[in-house]
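Student: Take this sequence and fold it.
(2 chains)
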Amino acid sequence: GQNIDQPTEMTATEGAIVQINCTYQTSGFNGLFWYQQHAGEAPTFLSYNVLDGLEEKGRFSSFLSRSKGYSYLLLKELQMKDSASYLCAVRGFYNQGGKLIFGQGTELSVKP
Amino acid sequence: DAGITQSPRHKVTETGTPVTLRCHQTENHRYMYWYRQDPGHGLRLIHYSYGVKDTDKGEVSDGYSVSRSKTEDFLLTLESATSSQTSVYFCAISESMEPGYNEQFFGPGTRLTVL
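Tutor: Residues are numbered from 1 along each chain as shown, chains lettered A, B, ... in the order given. Sure, this is the predicted structure:
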């Protein structure tokens, strides 16, 4: 079966660092995406990992371990505007349609 | 920002009525998707299209049909709306499904309420 797990909610303080974990069990793997979604808005792309290791993009980094079925999104120097839902999504094999399977999202609240 | 619009943005309808939601893109992307988003379930794929007149089912396709007669338009129809179809519906597009960076871009969403 297909299963993607993320914590439902997290709280962190402005200026701090927060790590949002994602574990997955899928029948195929062809990349992992992280999206950010502010309340009432569309998801927007943050990062993509297909090989093991860390991808860094400014204040945001994403890590992948394919053997462990595990990823995390690291947000540094938190700002109030980072309060949002963070969605982890796994893409299946191309010959399976290459569709994205989403986790239910992690609601991050950044407090002053 | 990718050029994706959805219409209507908000709709209230009654149980048993047909409803059609429209997604329009100006990016000439081959792939288009319809998702629904509900609390506790995240985004779930309803149907997707891999070209004009080429569509396939997603994980929650019962009660929904789709059509794509032009590259730029992807329609989602609720044949007979039920209260369980109250949700926020997102359209998405992508250039490819092949391995690589091909992320999906999302439209602004349609909030549908079925009374």
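
Student: Please make it C-alpha for all contacts and neighbour counts, starting now.
Tutor: Fine.

Student: And the strands in chain B?
Tutor: For chain B, applying DSSP state E gives strands covering B:4-7, B:10-13, B:19-25, B:31-38, B:42-51, B:54-57, B:64-70, B:73-78, B:87-94, B:105-106, B:110-114.

Student: Can you name the residue of chain B nearest to chain A?
Tutor: B:Gly42 (3.8 Å; C-alpha to the nearest C-alpha).

Student: Just the pLDDT for that residue.
Tutor: Looking at B:Gly42, its pLDDT reads 88.

Student: The helix or strand of chain A with the lowest mean pLDDT - contacts with which helices or strands?
Tutor: Across the helices and strands of chain A, mean pLDDT, DSSP states H and E gives its lowest value to strand A:100-102, namely a mean of 90. If contacts are counted by 3 or more C-alpha pairs under 8 Å, 6 or more residues apart in numbering or on different chains; DSSP states H and E, strand A:100-102 sits against strand A:84-91, strand B:42-51.

Student: Can you tell me which of the ones you listed is most buried?
Tutor: Ranked by mean neighbour count, the helices and strands packed on strand A:100-102 are led by strand A:84-91 with a mean of 24 (mean count of other C-alpha atoms under 10 Å in any protein chain shown).

Student: Okay, angle between it and strand B:42-51 too, please.
Tutor: Using axes from the mean of the first three to the mean of the last three C-alpha atoms, to 10 degrees, the inter-axis angle of strand A:84-91 relative to strand B:42-51 is 50 degrees.
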